[in-house]
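Peer 1: no sequence on this one, just coordinates:
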């Protein structure tokens with residue numbers, strides 16, 4: 001998607017983020033109290049939590065848990081959705097079969 005055209009500097013700026021949908025659009029696919037798949041994206045440096053990507057433009061925060069690596073697939077329980085703060089609170093779901 002073309003974000004900006006600067007004719008004076010002969011520059012065109014592109015973005016793809018807007019094509020991934022807004023937070024409000026993406027959260028519609030998820031419901032509080034359900035278990036969904038996610039991907040580990042980052043851990044807070046103070047080990048307060050782990051960011052889990054639910055969709056390319058939608059991330060939630062789960063409590064910190066040892067031995068999770070960037071890019072790892074996990075199942076998470078959607079504990080709470082807070083639309084006014086654009087936050088999703090998650091719990092990492094532990095499958096007994098693993």
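Peer 2: Arrived safely, thanks for sending. Predicted, not measured: the structure shown is a model, and the values here were computed from it.

Peer 1: Who are the contact partners of residue 33?
Peer 2: Shown in contact with residue 33 (C-beta atoms under 8 Å, 6 or more residues apart in numbering): 77, 78. The C-beta positions use only the backbone N, C-alpha and C, and glycine is treated the same way.

Peer 1: ok, which stretches of the protein are strands?
Peer 2: 2-6, 11-14, 35-43, 49-55, 58-63, 73-82, 87-92 (DSSP state E).

Peer 1: Now do the same contact list for residue 69.
Peer 2: Counting by C-beta under 8 Å, 6+ apart, residue 69 touches residue 40.

Peer 1: Does residue 79 touch residue 92 like I think?
Peer 2: No. Using C-beta atoms under 8 Å, residue 79 makes no contact with residue 92, being 10.6 Å away.

Peer 1: Read off the pLDDT value for the closest residue to residue 64 other than its chain neighbours.
Peer 2: What sits nearest to residue 64 in space, not counting adjacent residues and going by C-beta to C-beta, 6 or more residues apart in numbering, is residue 47, at 4.6 Å. Residue 47 is assigned 70 on the pLDDT scale.

Peer 1: does residue 47 really touch residue 65, like I thought?
Peer 2: No. Distance between residue 47 and residue 65: 9.5 Å, which falls outside the contact criterion (C-beta under 8 Å).

Peer 1: Looking at those two, which one has more neighbours?
Peer 2: Shown here are residue 47 and residue 65; by other C-beta atoms under 10 Å, residue 65 has more neighbours (15 against 11).

Peer 1: Do I have it right that the more buried one meets residue 92?
Peer 2: Yes. The pair residue 65 / residue 92 is scored as a contact, 5.4 Å apart, by C-beta under 8 Å.

Peer 1: Identify the contacts common to these two.
Peer 2: Residues touching both residue 65 and residue 92 (C-beta under 8 Å, 6+ apart) are residue 50.

Peer 1: And residue 52, how far from residue 85?
Peer 2: For residue 52, the distance to residue 85 (C-beta to C-beta, to the nearest Å) stands at 17 Å.

Peer 1: which of those two has more neighbours?
Peer 2: Counted by other C-beta under 10 Å, residue 52 and residue 85 do not tie: residue 52 has more neighbours, with 26 against 7.

Peer 1: Sounds good, over and out.
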